[in-house]
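Asks: return atomic coordinates for the entry below.
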Amino acid sequence: MSEFIQKIRWRPEIGDPSMMGWVTVCAYAIAAIMCWLAARRCGRVNGTAKGSQELWLMVAAFMAVLCVNKQLDLQSLLTDIGRVISWRQGWYEDRREFQKLFIFALLGGFALGAGALLLIYRAFWKRHVLLAIGLVFLGTFIAVRAVSFHHFDVFLKWSPGGVRMNWLLELSGIALIWLAALFDYRVPLGLYRKRLVRS
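Replies: Residues are numbered from 1 along each chain as shown. Next comes the predicted model:
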């Protein structure tokens, strides 16, 4: 076991100590807190869309995981573990094919899960378009980083006016999720629309 651990290159250290790295960490943390507050608010008010509290809690957990992962780079740990396992089991030379299969299976699983959530909680998503767009932005960013095709990597590193596209894509997604949570925390959208209809 100790030999296995020694062969892992990943170390628990800060992965992106730059200003933008910490700005992104703070943005994720704020989004996670706002989503949790929106979940609490929906849980206390009757008449909100089906599954509102559960979905906000899921998004809050997702934001918290991404917040921690932003600096710890846990996907590199998983890659290292896979590398050591492939080396010990003798299929290290074919690891690229296994990596591709794993990534596409993971993305496919996420797509199926997202589709199921869209179908089950249609009413919620109709009232939370900002949240849906924000999650699409983040999902696209994560998928592009995971697949790591050369042309996409070049696009993410492109810096028009000094603003890198990966910052724009990631922070835009976080900001939209934060705004959606803020709106639901102040007045759950289901109730707000009912009040407009009654008035």
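Asks: so which bits of stretch 51-59 are buried?
Replies: Across stretch 51-59, burial judged by 16 or more other Cβ atoms under 10 Å covers S52, Q53, L55, W56, L57, V59. Every C-beta, even on glycine, is put in place using the N, C-alpha and C of the backbone.
Asks: can you tell me the closest non-neighbouring residue to the first one?
Replies: Taking Cβ to Cβ, 6 or more residues apart in numbering, and ignoring the residues beside it in sequence, S52 has C42 as its nearest neighbour in space, at 4.0 Å.
Asks: from what I can see that neighbour touches D184, true?
Replies: Yes. Checked against Cβ atoms under 8 Å, the pair C42 and D184 is within contact range at 6.6 Å.
Asks: and these two? which has more neighbours close in?
Replies: D184 (29 against 26; other Cβ atoms under 10 Å).
Asks: now that one: closest residue in space, sequence neighbours ignored.
Replies: Nearest to D184 is A38, by Cβ to Cβ, 6+ apart, at 4.1 Å.
Asks: same check on L74?
Replies: That would be V68: by Cβ to Cβ, 6+ apart, it lies 7.6 Å from L74.
Asks: where does the prediction get shaky in this protein?
Replies: Counting by pLDDT under 70, the chain has low-confidence residues at 1-8, 10, 44-49, 92, 95, 146-165, 187-199.
Asks: run the last query once more with 80
Replies: 1-16, 43-50, 73-100, 102-103, 106-107, 143-168, 187-199 (pLDDT under 80).
Asks: buried stuff in the strand or helix carrying L176?
Replies: Using DSSP states H and E, L176 falls within helix 165-186. Across helix 165-186, burial judged by 16+ other Cβ under 10 Å covers 165-166, 168-171, 173-178, 180-185.
Asks: what of stretch 24-33?
Replies: T24, V25, A27, Y28, A29, I30, A31, A32, I33.
Asks: export these as a markdown table, with columns for secondary structure and distance to H128.
Replies: Formatted as a markdown table, the buried residues of stretch 24-33 follow (DSSP: H, G, I helix; E, B strand; the rest coil; distance: Cβ to Cβ, whole Å):
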| residue | secondary structure | distance to H128 |
| --- | --- | --- |
| T24 | helix | 23 |
| V25 | helix | 25 |
| A27 | helix | 19 |
| Y28 | helix | 19 |
| A29 | helix | 21 |
| I30 | helix | 18 |
| A31 | helix | 14 |
| A32 | helix | 17 |
| I33 | helix | 18 |
